[in-house]
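**Student:** Starting from these lines, generate the structure:
(one chain, ligands or ions: 1)
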Amino acid sequence: MEEKSVVDINYIKETENEFKKIMLMYKSALKEIETKIQIISDEFQMLYSYNPIEHIKTRIKSPESIAKKLKKKGYPITYNSLINKLNDVAGIRIICSFIPDIYKMVEMFDKSTDINIIKKKDYIKNPKESGYASYHLIVSVPVSFTSGIMDVKVEIQIRTIAMDFWASLEHKIKYKYSEELPKNVQRELKECSKMANKLDRKMSKLGGSLIEDFEQDMAYNKKNKEPKALKTGYIPAMLNKIVENYVNL
Ligand code: 0O2
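**Tutor:** From the prediction side, this is the model:
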């Protein structure tokens, strides 16, 4: 049977239930990941009395956007290629405070046993030609339905506030031009990205090692059996017991 285009409105109407089912699958995967991120965030708060996550945004790609991307990549515009060829129909964006927080988040995802990492792309160490910087993870999460368990792909973009500021505005500026961005605008945007990066590095130097400081303190305490962090009131009293156990390991 010939597969029809996702953007064919009659086809979407005819197969409304199938389309809804696919979208439900992605929405459910986003909910699963959001819960897991909430757990990671709570764990950070408990371990370090510090939460590196400023905020989280989720989105499901619109049918128009899906069709545009499939077309750009040269795939047929069908439900089949939507599921098998696109990694970012469901997307979650985590905005962190400082650059080292991003890598700490990636480490937490690496350790997570219920999230399967398919691909990692470090556009912070290797920014894109446009100047775009962010850390991308393509993951899959098992989602339980009455018909069985499905592994659903989700794209996680992790970035700082400055990276998000640049990407959001660049996205809007790109929309202003129906065709390719003029060379001078491209150049200026790249310049802005360098400025955002400089600001990020400066801010990260000032505050970005909060977690590392804490870990170094803990390592020092462990070695010297002297709970320096406790004396300085670094950690809330309710965590004293946990830290005491940690120090005495
Ligand atoms: P939108 O707005 O998110 O719908 P893959 O198939 O996983 O190998 P993919 O998805 O083709 O790779 O490419 P990439 O570059 O790894 O990730 C694409 C996403 O990153 C984009 O999704 C954007 O969200 C973001 N992105 C990449 N480059 C830029 C850029 O230059 N500027 C901005 N503002 N965002 C960028 P979409 O589907 O293109 O867009």
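**Student:** Could you list the buried residues of the lengthiest helix in the chain?
**Tutor:** With residue count as the measure and DSSP state H as the assignment, the chain has helix 16-48 as its longest helix. If you call a residue buried by 16 or more other C-beta atoms under 10 Å, then helix 16-48 has these buried ones: 19, 22, 25-30, 32-33, 36-37, 40-41, 44, 47-48. All C-beta atoms are positioned from the backbone trio N, CA, C, and that covers glycine.
**Student:** what does stretch 160-178 give?
**Tutor:** By neighbour count, and taking 16+ other C-beta under 10 Å as the criterion, the buried residues in stretch 160-178 are 160-164, 166-167, 170.
**Student:** quick one on the thing from earlier: how about residues contacting whichever helix or strand comes after the longest helix of the chain?
**Tutor:** Using DSSP states H and E, the helix or strand that follows helix 16-48 towards the C-terminus is strand 53-60. Judged by C-beta atoms under 8 Å, 6 or more residues apart in numbering, the contacts made with strand 53-60 from elsewhere in the structure are 23, 26-27, 30, 34, 37, 41, 44, 89-97, 101, 105, 161.
**Student:** I'd say Leu181 and Lys190 touch.
**Tutor:** No: contact between Leu181 and Lys190 fails when scored by C-beta atoms under 8 Å: they sit 10.5 Å apart.
**Student:** Could you pull up the residues touching Leu199?
**Tutor:** Taking C-beta under 8 Å, 6+ apart, one finds Ala162 in contact with Leu199.
**Student:** pLDDT on the helix or strand it falls within, on average?
**Tutor:** Applying DSSP H and E as the criterion places Leu199 in helix 183-207. Confidence over helix 183-207, taken as the mean pLDDT, stands at 94.
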